[in-house]
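**Q** Predicted model, plus sequence, below.
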Amino acid sequence: MRLDTFDGSGTPTDAADWLRKMEKVMAACRMTAEEIVLFIPHQLTGQVDVWWVGVCDAWTPARGAITWEVFLAQFRVKYYSDSFRDKMNDALNHIQQGDKTVDEYERDFSNTIRFVPSVASDEREKARKFFTGLNARYREVMGRNPPTTSITAVEEARGMEIQFQLTMLQQRRNGNSTDFEQMDILYCYAGVTEAETRLILSSAIPERVLEAQQQDRLLLDVRKRIHEGKVGDFTLDASGAVRFRGRLCVPQKSQVKEDILKEAHRTRYTVHPGENKMYQDLKKTYWWKRMKIDVAKYVASCGICQRVKAEHKSPAGKLQSLEVLMWPWDDISMDFVVHKYSR
């Protein structure tokens, strides 16, 4: 069996991967505490070996014996910088499932949480963080009885994912999924009790807006100013999305904005509204600069509206040309100024 050595090169993730391999080897060999202390130094090379020898030389008997726990504490201080741990803690607070499957999300979650020991050692808090990052359709069903362990949370999410996929497949076979897919709606049947089943509908657009906000430079600046308390009309909701007077802020340069306009105008449940009605419908939920102008341009560019919708104005008559006069001054007209405007 070939054992990997560690020379200190690479990223903190590489260091964590090496530690994990060593823990597996020690567990498989059933090493005692004394054997572990003798085994680990043989796996260190280069500058890491020099560093550990220095730690051992500086270790005084008054501080107790050198154990595996002592090595872990010293190793993490050496190779997990404060800035890196702060970065991982911030990533854990904002981690989202997004378009990832439950297994992909669980893998990213595990790779992040191992650098946040305060959460990794608290099973209830670990389950809460995992639950918070799940998509809304999972949280809505699981929220009736939130899981208290991370293993339970992962298993429930995986079971729901399979149920969603089976429901979607059945709907497609029955030919009933077209409207939902066009409306960007996620749906599933969730069993609440043995005798009760309900249909859950949730739009994927709010989650896509949240993902787009995290890539938009202007909204990232707004988010920073919110934390500093410098903007009054902008707030953060429970999911961490930026809102303007309660309306979800949509980044200007994003595909999700075009999809919102399309959903509000072209789907079967909207039936091609005019610019005024479409604007009034959108402004209840979303906000972005020059929204009214964008809505007007989108409606004006709709070929179906131009071909189908009737003109509600009175029909124009034929052009009437002015009479050609024979002599100058035959017809005199003037304008009367009836109001005087003060400067």
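**A** Right, received. Where do you want to start? Residues are numbered from 1 along each chain as shown.

**Q** what helix or strand does T235 sit in?
**A** strand 234-236 (DSSP states H and E).

**Q** Show me what that strand pairs with in its sheet, parallel or antiparallel.
**A** strand 242-244 (antiparallel) (DSSP bridges).

**Q** Quick check: closest non-adjacent residue to R266.
**A** In this structure, R266 finds its nearest non-sequential neighbour in H272, 7.0 Å apart by CB to CB, 6 or more residues apart in numbering. Quick note: C-beta positions are derived from backbone N, CA and C, even for glycine.

**Q** Is that neighbour in contact with A264, as I believe?
**A** No. Using CB atoms under 8 Å, H272 makes no contact with A264, being 10.1 Å away.

**Q** Comparing these two, which residue is more hemmed in?
**A** A264 (20 against 15; other CB atoms under 10 Å).

**Q** The more buried one looks like it's in a strand, true?
**A** No. With DSSP: H, G, I helix; E, B strand; the rest coil as the criterion, A264 is located in helix rather than a strand.

**Q** Model confidence for it, exactly?
**A** Residue-level confidence at A264 comes out at 86, pLDDT.

**Q** now do E106
**A** pLDDT, E106: 90.

**Q** Kindly report the same for the one 5 residues further on.
**A** Per-residue confidence for N111 comes out at a pLDDT of 86.

**Q** That one sits in which helix or strand?
**A** Following DSSP H and E, one finds N111 within helix 102-113.

**Q** Put the alpha carbons of that helix into CSV.
**A** Coordinates of the C-alpha atoms in helix 102-113 are reproduced here as CSV (Å, rounded to 0.1, in the frame of the first residue of the first chain):
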residue,chain,number,x,y,z
VAL,A,102,-29.0,17.0,-4.2
ASP,A,103,-25.8,14.9,-4.5
GLU,A,104,-23.9,17.7,-6.2
TYR,A,105,-25.1,20.2,-3.6
GLU,A,106,-24.3,17.8,-0.7
ARG,A,107,-20.7,17.4,-2.1
ASP,A,108,-20.2,21.1,-2.3
PHE,A,109,-21.7,21.6,1.2
SER,A,110,-19.3,18.9,2.7
ASN,A,111,-16.3,20.4,1.0
THR,A,112,-17.1,23.8,2.5
ILE,A,113,-18.2,22.8,6.0
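
**Q** Enumerate the positions of it that are buried.
**A** 102, 105-106, 108-109, 112-113 (16 or more other CB atoms under 10 Å).

**Q** ok, then the element right after it?
**A** Next in sequence after helix 102-113, counting helices and strands by DSSP H and E, comes helix 117-120.

**Q** Report all helices and strands that the helix or strand just after that next one contacts.
**A** Next in sequence after helix 117-120, counting helices and strands by DSSP H and E, comes helix 123-133. Applying 3 or more CB pairs under 8 Å, 6 or more residues apart in numbering; DSSP states H and E, we find helix 123-133 packed against helix 102-113, helix 117-120, helix 136-142, helix 150-174.

**Q** what angle sits between helix 123-133 and helix 102-113?
**A** 130 degrees (axes from the mean of the first three to the mean of the last three CA atoms, to 10 degrees).

**Q** contacting residues around M22?
**A** Going by CB atoms under 8 Å, 6 or more residues apart in numbering, M22 touches 40, 43.

**Q** cool, and G64?
**A** Contacts for G64 (CB under 8 Å, 6+ apart) come out as V70.

**Q** what about the chain, any weak spots by pLDDT?
**A** Counting by pLDDT under 70, the chain has low-confidence residues at 1-3, 144, 171-203, 268-269, 309-312, 339-343.

**Q** Let me see the contact set for the spatially most central residue of it.
**A** The centroid of the chain falls nearest to E211 when counting by CA atoms, centre = their mean (3.6 Å). By CB under 8 Å, 6+ apart, the contact set of E211 is 96, 98.

**Q** For it, pull up the helix or strand it's in.
**A** Judged by DSSP H and E, E211 forms part of helix 205-213.

**Q** Give the next helix or strand downstream of that helix.
**A** In N-to-C order, the element after helix 205-213 by DSSP H and E is helix 217-228.

**Q** how about that next one: buried residues?
**A** Neighbour counts using 16+ other CB under 10 Å place 219, 222-223, 226 of helix 217-228 among the buried residues.

**Q** Give the other helices and strands that that helix contacts.
**A** helix 205-213, strand 234-236, strand 242-244.

**Q** Could you list the alpha-carbon positions for it in CSV?
**A** Written as CSV, here are the backbone C-alpha positions of helix 217-228 (Å, rounded to 0.1, in the frame of the first residue of the first chain):
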residue,chain,number,x,y,z
ARG,A,217,-21.6,44.3,-9.5
LEU,A,218,-24.1,47.1,-8.8
LEU,A,219,-26.3,44.9,-6.6
LEU,A,220,-23.3,43.5,-4.8
ASP,A,221,-22.4,47.1,-3.9
VAL,A,222,-26.0,47.7,-2.8
ARG,A,223,-25.9,44.6,-0.6
LYS,A,224,-22.7,46.0,1.0
ARG,A,225,-24.3,49.3,1.6
ILE,A,226,-27.3,47.6,3.2
HIS,A,227,-25.1,45.9,5.7
GLU,A,228,-23.6,49.3,6.5
